[in-house]
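# Below are the sequence and a predicted model; questions follow.
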Amino acid sequence: MNQIDRPKRSLYQKYTDVMPVGAGALFFIQTFSTLAFSVLYSTLTLYATNGLKINDKLALSITAVFVAFNYGLHLLGGYMGGRFLSYRMLFCIGMALTLFGCLLIAVPTISSFYWGLATFLTGAGINVTCINCLLTQLFQPNDKRREAAFLWNYSGMNIGFFIGFYISGYYYKQNDYHTLFMLAGMGNLIALLLTLFKWKLLRDIDTNLTTMGLNERREAYFKGIIILVVLLLALRWLLENPRFSNSLVLSVGILMAFVMSYLAIKQPKLEDRNKMWAYIILAIASLAFWTLYQLCPMGLTLFAERNVDRHYLGMLIAPQWIQNINTVVIIIGGPVLSVFFSALRARGKGMTIPLQFAIALLLIGIGFALLPVGIYFADAKGLSSFNWIFACYILQSVGELFISPIGYAMVGQLAPARLQGLMMGTWMMLTGVAGTLSNYFSQMMLGDTQSTDPLITNPSFSHTFNLLGWGTIGTGILLFVLLPFILRLTQEKKLFAKPQSVTEVTI
């Protein structure tokens, strides 16, 4: 058959030539599963202060606990997945819990609010690690296509964020939080149904559960369910005691730093030891980035609502819509960056992961360092121009592209096979620790005054933005200096020595 006679290949057939079967389904599941979280992430502080009349500092603390445990519990998800419950089963349970949590939060009482948050967190905290592990197990350890797959999935996740942020802003302006939370739960329902439809396609590969007998598996399932019930009850108490909860998150973060260091020392192979030490160094850099990033649903949201002139292009911008600057950059930039990296590697070149981390730190640091300039040029009422916060979000969003999806792919590259779930969970837990640190900086932004007048609160906002912005810029410069040392640990340049063709990996 000559070239002219060959049948045309569909877009799906071309996709499966470069991505393993199952990656496409996970893209759509990722999109719908993030919608409800985006609603709570962007609206929780505003709902607590405006809807439930909770004071500012308590509302920030509750939001910090929500962010911290959402990401911190990814560690538990990484530990449970494939050990007590399969990744796909744990993900489905998580979707059901987040759906029920949204329904409870929609009831405008303090008690229902806390129970809803606890139920939502139990589900959301465990499911993200599951979907990342389901995706990463489709690839061999040194398969560089994993990076492209995570970039595409990250774009899919941000499509869900875009929808969630948009409806959050719309119903915020209508002061209709009940309808907002009811709609948010529908995304979880769709993700649950999609997962059940693709159940066989998303089976676990080479996990502890796959080697167990039937009785052992049933016992593991029972233990997994008990853990989830205990977790829900514990979260209900922790949400009402945010000061203790934030201290607990920091303590667990310090503990995991020692655990990772211990595991690095105990690795029998020098190559694995070096890679784990590189993982720890990059984790510290990641913590600096996410501490600034997690200010978005906390101090930065209050700054945008009260200290920024949000009239732009003839409309009043809801605080949640500002976060869609981030999602648009991610949705467009994810695939573009994927193509750019693929083109570099096709030439035997590549931008190393530590270099991308350093660039991310510089970008987000500059973004926050710009905000005090906007405060300096504020109008007579103390309101900063919207352009300054717009620029801040653009820079932090580009920085996120360099660090977040790449960070997920990095875990698959650096983690020993049996530690992959634990290290993925620890990596995502860092964002929770960052959320707790963000709470402390958000409290610093508010200062000691109870006033919401921008003329009074601008100085404390400016001081905190300067501290965070320039401190992160310095951290990024330090990472640049350490690049040769980190590359010796990761041996990443060896992976660029020969471009990997799609035929080298089983699809």
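Received the coordinates, thanks. Quantities reported herein were computed from a predicted structural model and do not represent experimental measurements.
# residues contacting residue 445?
Under the criterion of C-beta atoms under 8 Å, 6 or more residues apart in numbering, the contact partners of residue 445 comprise 299, 302, 303, 457, 460, 461, 464, 465. Heads up, the C-betas are built off the backbone N, CA and C, glycines and all.
# pretty sure the fourth one contacts residue 307?
Yes - the criterion here is C-beta atoms under 8 Å, and residue 457 meets it with residue 307 at 6.5 Å.
# and for those two, which residues touch both?
Common contacts of residue 457 and residue 307, defined by C-beta under 8 Å, 6+ apart, comprise residue 382.
# Leaving out the residues flanking it, which one is nearest to residue 224?
Distances taken as C-beta to C-beta, 6 or more residues apart in numbering put residue 84 closest to residue 224, at 3.2 Å, once the chain neighbours are dropped.
# Report the contact partners of residue 459.
Taking C-beta under 8 Å, 6+ apart as the definition, contacts of residue 459 comprise residue 447.
# now swap in residue 400 and tell me
Contacts for residue 400 were tallied using C-beta under 8 Å, 6+ apart; they are 293, 326, 329, 330, 360, 364.
# please redo it, this time with the cut-off set to 7 Å
293, 330 (C-beta atoms under 7 Å, 6 or more residues apart in numbering).
# so which strand or helix has it?
helix 386-414 (DSSP states H and E).
# What is the subsequent helix or strand relative to that helix?
Once helix 386-414 ends, the next helix or strand along the chain (criterion: DSSP H and E) is helix 420-446.
# on that earlier part again, give me the distance between the residue nearest to residue 224 and residue 90.
The spacing between residue 84 and residue 90, counted by C-beta to C-beta, to the nearest Å, is 8 Å.
# So if I had to pick from those two, which one is more boxed in?
residue 90 (26 against 22; other C-beta atoms under 10 Å).
# In contact with that one, which residues?
When contacts are counted by C-beta under 7 Å, 6+ apart, residue 90 touches 77, 80, 81, 126, 127, 130.
# Which among the residues you listed count as buried?
When burial is judged by neighbour count using 16 or more other C-beta atoms under 10 Å, the buried members of the contacts of residue 90 are 77, 80, 81, 126, 127, 130.
# Which two among the contacts of residue 445 are spaced furthest apart?
For the contacts of residue 445, with distances taken as C-beta to C-beta, the pair at the greatest spread is 302 and 465 (13.0 Å).
# Who has more neighbours out of those two?
Applying other C-beta under 10 Å to residue 302 and residue 465 shows that residue 465 carries more neighbours, namely 27 against 24.
# which residues touch the more buried one?
Contact partners of residue 465, counting by C-beta under 7 Å, 6+ apart, are 368, 371, 372.
# quick one: which of these sit in helices?
368, 371, 372 (DSSP state H).
# Dump the residues you listed into TSV; add neighbour count and distance to residue 170 as well.
Conversion of the ones in helices among the contacts of residue 465 to TSV gives the following (neighbours: other C-beta atoms under 10 Å; distance: C-beta to C-beta, whole Å):
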residue	neighbour count	distance to residue 170
368	25	28
371	25	26
372	21	31
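# closest to residue 322 among those residues?
Taking the ones in helices among the contacts of residue 465 together and measuring to residue 322 by C-beta to C-beta, the closest member is residue 371, at 12.8 Å.
# low-scoring stretches of the stretch 301-450 of the chain, by residue?
Within the stretch 301-450 of the chain, the segments meeting pLDDT under 70 span 350, 405, 408.
# Which residue, neighbours along the chain excluded, lies closest to residue 355?
With C-beta to C-beta, 6+ apart as the criterion, residue 355 has its nearest non-adjacent residue at 6.2 Å, and that residue is residue 483.
# I meant residue 164, not that one.
Here the residue nearest residue 164, using C-beta to C-beta, 6+ apart, is residue 38, at 2.9 Å.
# Now do the strands in the chain.
311-312, 315-316 (DSSP state E).
# Tell me how many other residues crowd residue 413.
By other C-beta under 10 Å, the burial measure for residue 413, its neighbour count, is 22.
# distance of it from residue 109?
47 Å.
# Residue 457 and residue 307: who's more crowded?
Neighbour comparison, residue 457 and residue 307: the larger count goes to residue 307, with 26 against 21 (by other C-beta under 10 Å).
# Am I right that the more buried one is in contact with residue 381?
No - with contacts counted by C-beta atoms under 7 Å, residue 307 stays clear of residue 381, the gap being 9.6 Å.
# list residues touching both of those two?
Between them, residue 307 and residue 381 share the neighbouring residues residue 454, with contact defined by C-beta under 7 Å, 6+ apart.
# and the contacts of residue 90 as JSON lines, adding pLDDT and distance to residue 65?
Supplementary listing: the contacts of residue 90 in JSON lines, determined by pLDDT from 0 to 100; distance: C-beta to C-beta, whole Å:
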{"residue": "77", "pLDDT": "77", "distance to residue 65": "18"}
{"residue": "80", "pLDDT": "79", "distance to residue 65": "21"}
{"residue": "81", "pLDDT": "74", "distance to residue 65": "23"}
{"residue": "126", "pLDDT": "82", "distance to residue 65": "17"}
{"residue": "127", "pLDDT": "81", "distance to residue 65": "19"}
{"residue": "130", "pLDDT": "79", "distance to residue 65": "22"}
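# what two of these are the furthest from one another?
With C-beta to C-beta as the measure, no two of the contacts of residue 90 lie farther apart than 80 and 127, at 10.8 Å.
# So, low pLDDT: which residues of the stretch 101-250 of the chain?
Short version for the stretch 101-250 of the chain, where the test is pLDDT under 70: 140-147, 151, 206-208, 210.
# circling back: now, among the buried ones among the contacts of residue 90, which is nearest to residue 43?
Of all those, residue 127 has the smallest distance to residue 43: 20.1 Å, by C-beta to C-beta.
# Tell me the spacing between the closest residue to that closest one other than its chain neighbours and residue 314.
Sequence neighbours aside, residue 94 is the residue nearest to residue 127 in space, at 3.2 Å (criterion: C-beta to C-beta, 6+ apart). With the distance defined as C-beta to C-beta, residue 94 ends up 41 Å from residue 314.
# and stretch 169-179, how far apart are its ends?
Its first and final residues considered, stretch 169-179 spans 12 Å by C-alpha to C-alpha, to the nearest Å.
# what sits up against that stretch?
Under the contact criterion C-beta under 7 Å, 6+ apart, stretch 169-179 has outside partners 43, 46, 47, 51, 106, 108, 180, 318, 320, 321.
# what about 10 Å?
For stretch 169-179, contacts defined as C-beta atoms under 10 Å, 6 or more residues apart in numbering pick out 39, 42-43, 46-47, 50-52, 105-108, 167-168, 180-184, 305, 316-324.
# circling back to that earlier point, spit out the residues that contact residue 302 and residue 465 alike.
Shared contacts of residue 302 and residue 465 (C-beta under 10 Å, 6+ apart): 295, 445.
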